[in-house]
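Q: Generate a structure from the sequence data that follows.
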Amino acid sequence: MLREQGYDSEAEKFQILVLDARSRTLGEEHPDTIRAMDTTSAMTNLAISYGSLGKYADAEKIQIKVLDLSNRLLGEDHPDTITAMTNLAISYGGLGQYADAEKLQIKVLDSRNRLLEEDHPDIIHAMTNLAISYGSLGKYADAEKLEIKVLDMRNRLLGEDHPDTIHAMSKLALSYGSVGKYADAEKLEIKVLDMRNRLLGEDHIDTIHAMSHLAISHGSLGKYADAEKLQIKVLDLRNRLLGEDHPDTITAMTNLAISYGRLGKYADAEKLQIKVLDLRNRLLEEHPDTINEMENLAITFYYLQKYADAVRLQIPVVDVKKKIFGEEHPNTVKAVAFLAEVRSQANTDTSGTQSKNKGEFYSF
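A: Residues are numbered from 1 along each chain as shown. The predicted structure is shown next:
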């Protein structure tokens, strides 16, 4: 209940006490102790609270132990074991280990399909989680296909106003944006934001997510001033409700900086991106989000004609994207093309030379 009401830090403290008490009184391998480490229970799930606070490494450590215990004591097909796989996969995603997350989520979906009826909520959850990993790995068409199916099932089984249906709309909108269907994405996101405001209120975390997603679609459609306006609001809300170091707050800074860049406010963009990159390096190190932030700052350096700085940042970006996506993936090709452009400018006396059109290289 504490976590559901947004008191993540309080929930974490409570769950540490629960886990310690159960370990002492029942032993580490008792089912109730395992549940204290990781299950769907909102009150006794320490690992999920770690994840909610962005402490993915702490969550991963507990969830690996829970999965091992569940496999050994309950068996691979037990519902708690499958849930443990799901939660570990989510932590892998939070740590940027997308291939590991995808592998586990495929296994979870296969188990759910084999053991449960077709319309069971756990099957739909598994499809949703796998779609997220597909999107993170750049498999946007695969993600879109799953999310269309999920939204259809949610509408049919739960109705349009159900939180899970609205969540499915939001995820599908993100996939539409990833495959270039920006108008379709914006249309869904306007609907989602209206429903979130009506049902949850403006300060709810899901409403703020909806604002952020709509701002991204505005930016993709060239509505940069509209995007900037929403993103300033999102950043203010997240700073106030979550704190500066929370992953969602850092993402809000990233998105606002991109809008600044697209509006030609490169000095403002640079200031925010330097701050974000420092936070990413301190909290996430080699996480893909850190690499993306390096590229965003490199783009801003390019527009500020700081070509040597841009090259320095973009070289490791290309290396990591080749490793994650492969050399022929559009994300890698785009990064290589940008590096070539920056090197071309760096090798030329460009004083007075016009760079590319304002904001052309920026993407969320």
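Q: Return the residues in contact with the closest residue to S220 other than its chain neighbours.
A: Excluding the flanking residues, the one nearest S220 by CB to CB, 6 or more residues apart in numbering is Y182, at 4.3 Å. C-beta: built from backbone N, CA, C; applies to glycine. Neighbouring residues of Y182 by CB atoms under 8 Å, 6 or more residues apart in numbering: Y176, S217, S220, L221.
Q: what does H120 give?
A: R112.
Q: So it versus T83, what's the distance?
A: According to CB to CB, to the nearest Å, H120 stands 13 Å off from T83.
Q: and what of Y307?
A: 50 Å.
Q: what's the burial count for Y140?
A: 19 (other CB atoms under 10 Å).
Q: Verify the stated contact: it with V179.
A: Yes. Under the criterion of CB atoms under 8 Å, Y140 makes contact with V179 at 4.9 Å.
Q: can you tell me the helix or strand for K271?
A: helix 266-283 (DSSP states H and E).
Q: Could you grab the helix/strand/coil label for T254?
A: Of the three states, T254 takes helix under DSSP: H, G, I helix; E, B strand; the rest coil.
Q: Only alpha carbons, please: show stretch 331-351 as PDB.
A: Extracted in PDB, the C-alpha atoms of stretch 331-351 (Å, rounded to 0.1, in the frame of the first residue of the first chain):
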ATOM      1  CA  ASN A 331      20.300   3.300 -34.600                       C
ATOM      2  CA  THR A 332      23.800   2.300 -35.400                       C
ATOM      3  CA  VAL A 333      23.700   3.600 -38.900                       C
ATOM      4  CA  LYS A 334      22.500   7.000 -37.700                       C
ATOM      5  CA  ALA A 335      25.200   7.200 -35.000                       C
ATOM      6  CA  VAL A 336      27.900   6.300 -37.600                       C
ATOM      7  CA  ALA A 337      26.500   8.900 -40.100                       C
ATOM      8  CA  PHE A 338      26.500  11.600 -37.400                       C
ATOM      9  CA  LEU A 339      30.100  10.800 -36.400                       C
ATOM     10  CA  ALA A 340      31.100  11.100 -40.100                       C
ATOM     11  CA  GLU A 341      29.400  14.500 -40.300                       C
ATOM     12  CA  VAL A 342      31.100  15.800 -37.200                       C
ATOM     13  CA  ARG A 343      34.500  14.600 -38.400                       C
ATOM     14  CA  SER A 344      33.900  16.300 -41.700                       C
ATOM     15  CA  GLN A 345      33.200  19.600 -39.900                       C
ATOM     16  CA  ALA A 346      36.200  19.100 -37.600                       C
ATOM     17  CA  ASN A 347      38.600  18.500 -40.500                       C
ATOM     18  CA  THR A 348      37.500  21.700 -42.200                       C
ATOM     19  CA  ASP A 349      37.900  25.300 -41.200                       C
ATOM     20  CA  THR A 350      34.200  25.900 -40.500                       C
ATOM     21  CA  SER A 351      34.300  29.400 -39.100                       C
END
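Q: May I see the buried residues of that stretch?
A: Judged by neighbour count (16 or more other CB atoms under 10 Å), stretch 331-351 contains these buried residues: N331, T332, A335, V336, F338, L339, E341, V342, Q345, A346.
Q: can you check stretch 299-311 too?
A: I299, T300, F301, Y302, Y303, L304, Q305, K306, Y307, D309, A310, V311.
Q: Pull the distance from that stretch to the chain's centre.
A: Counting by CA atoms, centre = their mean, to the nearest Å, stretch 299-311 is centred 27 Å from the centre of its parent chain.
Q: can you give me the end-to-end distance of it?
A: 10 Å (CA to CA, to the nearest Å).
Q: So which residue is smack in the middle of the protein?
A: By CA atoms, centre = their mean, the mean C-alpha position of the chain lies nearest to G94, the distance being 7.1 Å.
Q: most neighbours, which of the contacts of Y182?
A: Highest count within the contacts of Y182 by other CB under 10 Å belongs to S217, 26 neighbours.
Q: was I right about it contacting A173?
A: Yes. If you go by CB under 8 Å, S217 and A173 touch, sitting 7.2 Å apart.
Q: anything in contact with each of the two?
A: A185, E186, E189.
Q: Mind putting these into a markdown table with neighbour count, distance to Q273 and pLDDT?
A: Putting the shared contacts of S217 and A173 into a markdown table (neighbours: other CB atoms under 10 Å; distance: CB to CB, whole Å; pLDDT from 0 to 100) gives the following:
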| residue | neighbour count | distance to Q273 | pLDDT |
| --- | --- | --- | --- |
| A185 | 24 | 24 | 97 |
| E186 | 21 | 25 | 97 |
| E189 | 26 | 25 | 97 |
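Q: Could you point out which of those residues is nearest to I205?
A: E189 (16.1 Å; CB to CB).
Q: how near is the closest one to L158?
A: Distance, E189 to L158, by CB to CB: 20 Å.
Q: Please apply the same query to Q231.
A: For Q231, the distance to L158 - CB to CB - is 31 Å.
Q: Of these two, which one has the most company?
A: Between Q231 and L158, counting by other CB under 10 Å, Q231 is the more crowded of the two (26 against 16).
Q: which ones are touching that one?
A: Q231 touches S212, A215, A252, N255, L256, S259, counting by CB under 8 Å, 6+ apart.
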